[in-house]
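# 3D, please:
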Amino acid sequence: MDRTGKAALWVVAGHAALFGVAWLATLTQPSQVADGQCEGLGFGCTLSPRDGARFALFLFGAPALLVSLLLCLIVIAVVAARRTRRRDAAGLPPRGERTFAPPIDLR
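Numbering: from 1, shown residues only. I've put the predicted structure just below:
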């Protein structure tokens, strides 16, 4: 795998891990509302702290992570394209391609 593929893999893995950690953090919140309030949405009821954290995670966290992931992958693609263009301008072979000398004819 070339450097671009590894970088993209690490970016995707990092974003997935960050979302997983945020999801696990919602599990530490209490699942019951205090003071005997009704639970749910609307009519003066409130979400439990766990449900509120999950709601906020999916409403704000997931789109923010998706935008961040897309921006990171775009930057990786632009850097890889510039690196390839620079190698082409210098007359170098593509990265990872080996150049061998022609075989010697010993007849």
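# can you get me the start-to-end distance on stretch 46-66?
Chord length of stretch 46-66, first to last residue, is 28 Å (CA to CA, to the nearest Å).
# how far off centre is that stretch?
Distance of stretch 46-66 from the chain centroid (CA atoms, centre = their mean, to the nearest Å) equals 18 Å.
# over to stretch 7-27?
With CA atoms, centre = their mean as the basis, stretch 7-27 stands 7 Å off its chain's centre.
# same question, stretch 73-88
19 Å.
# how about stretch 63-82?
9 Å.
# show me the contact partners of that stretch.
Around stretch 63-82, the neighbours that count as contacts under CB atoms under 8 Å, 6 or more residues apart in numbering are Arg3, Thr4, Ala7, Ala8, Val11, Val12, His15, Leu18, Phe19. To be clear about C-beta, it is placed using only N, CA and C from the backbone, and glycine gets the same treatment.
# closest one of those residues to Gly42?
Among those, Phe19 lies closest to Gly42 (CB to CB), at 28.1 Å.
# list the contacts for that closest one?
Gly61, Ala62, Leu65 are the contacts of Phe19 under CB under 8 Å, 6+ apart.
# tell me the secondary structure for the closest residue to the first one other than its chain neighbours?
Translated: Gly61. Leaving aside its sequence neighbours, Gly61 sits nearest to Ala22 (CB to CB, 6 or more residues apart in numbering; 5.7 Å). Judged by DSSP: H, G, I helix; E, B strand; the rest coil, the three-state class of Ala22 is helix.
# pLDDT at Ala22, what is it?
We have a pLDDT of 88 for Ala22.
# with Glu97 instead?
The model's pLDDT for Glu97 equals 61.
# top helix in this protein by residue count?
Looking across the chain with DSSP state H, the single longest helix is helix 62-89.
# show me what counts as buried in the helix or strand containing Ala56.
Element membership for Ala56, per DSSP states H and E: helix 49-56. Neighbour-count burial for helix 49-56, counted by 16 or more other CB atoms under 10 Å, picks out Pro49, Arg50, Asp51, Ala53, Arg54.
# check those and tell me the two furthest apart.
So, the buried residues of helix 49-56 by CB to CB: farthest apart are Pro49 and Arg54, at 9.8 Å.
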